[in-house]
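> Okay, sequence plus prediction incoming.
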Amino acid sequence: MATLRVPPGRAGRLWLRHRLDTAQRGSDLLERKLRILREDLQRLQAQALAARREWQDAVAEAETWLLRADLVAGARSLTLVTNPLADVSVHWTTTMGVYHPAKGTCTVAAVVPAIPGSSALVLAGVVYQRAAAAAVRHAVAEAAVARLTTEVSTTAQRVRALRHRWIPRLAEALARTEFELEELERAEAVRRLRASS
């Protein structure tokens, strides 16, 4: 660690007091930020878990309907289905200075079966649309969790650095400076007392 370059005398005491107050206020603010981020992270982790379950359930259901459609209409009919494109949009937000995705939407055009009357294929398409939307929600939640996890880690590291290193160093330097100033004042008082007698 680099040594503190404290100005000499009373200016040094003021300098150290100011730095110590600033470090303590910064630490308090970072701890508040950390508390808020952790609460939001827990909420997002729960959302990500729910989105993962929803996505997995939708995929399982879609695969079941796809198998039924294959059995009813045949594999060739699956290749004749129009391939709709998905339109995905992600909305972003900020939590305590952390920019992260907040909401994702996915819109998929309806599946048009090549063979009329294949309701299993239509239902598979509908369920795959739901699965795609759930996948987007899951991806958004996981991305938000990743960003907030990184920020929680970084903020916790900053709090530890302030609380366990920087603030104790400043407090020690302040105590040492105040002791030195008291010694100088005592010595000066003794000199004045001797000079006056």
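Noted; the coordinates are in hand.

> how about the helices of the protein, start to end?
9-73, 75-79, 119-161, 167-196 (DSSP state H).

> closest to K103 out of those helices?
helix 119-161 (6.5 Å; Cβ to Cβ). C-beta coordinates here come from the backbone N, C-alpha and C atoms, glycine included.

> from the middle of its chain, how far away would that closest one be?
Distance, stretch centre to chain centre, for helix 119-161: 13 Å (Cα atoms, centre = their mean, to the nearest Å).

> tell me what it is packed against?
With contacts taken as 3 or more Cβ pairs under 8 Å, 6 or more residues apart in numbering; DSSP states H and E, helix 119-161 sits against helix 9-73, strand 86-95, strand 98-108.

> Try it again at 10 Å.
Applying 3 or more Cβ pairs under 10 Å, 6 or more residues apart in numbering; DSSP states H and E, one finds that helix 119-161 makes contact with helix 9-73, helix 75-79, strand 86-95, strand 98-108.

> Kindly reformat these as TSV containing mean neighbour count, mean pLDDT and distance to A173.
Converted to TSV, the helices and strands packed on helix 119-161 look like this (neighbours: other Cβ atoms under 10 Å; pLDDT from 0 to 100; distance: least, Cβ to Cβ, whole Å):
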stretch	mean neighbour count	mean pLDDT	distance to A173
helix 9-73	16	91	6
helix 75-79	12	63	75
strand 86-95	12	91	36
strand 98-108	17	91	34
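
> I'd like to know which of these is closest to V159.
Nearest to V159, of those and by Cβ to Cβ, is helix 9-73 at 4.8 Å.

> Show me how far that closest one is from its chain's centre.
Mean-position distance between helix 9-73 and its chain equals 4 Å (Cα atoms, centre = their mean).

> got it, and stretch 167-182?
37 Å.

> same thing with stretch 163-182?
Mean-position distance between stretch 163-182 and its chain equals 34 Å (Cα atoms, centre = their mean).

> wait, which of the helices and strands packed on helix 119-161 is closest to A171?
helix 9-73 (6.2 Å).

> Can you spell out which helices and strands pack onto the closest one?
Using 3+ Cβ pairs under 10 Å, 6+ apart: helix 9-73 touches helix 75-79, strand 86-95, strand 98-108, helix 119-161, helix 167-196.
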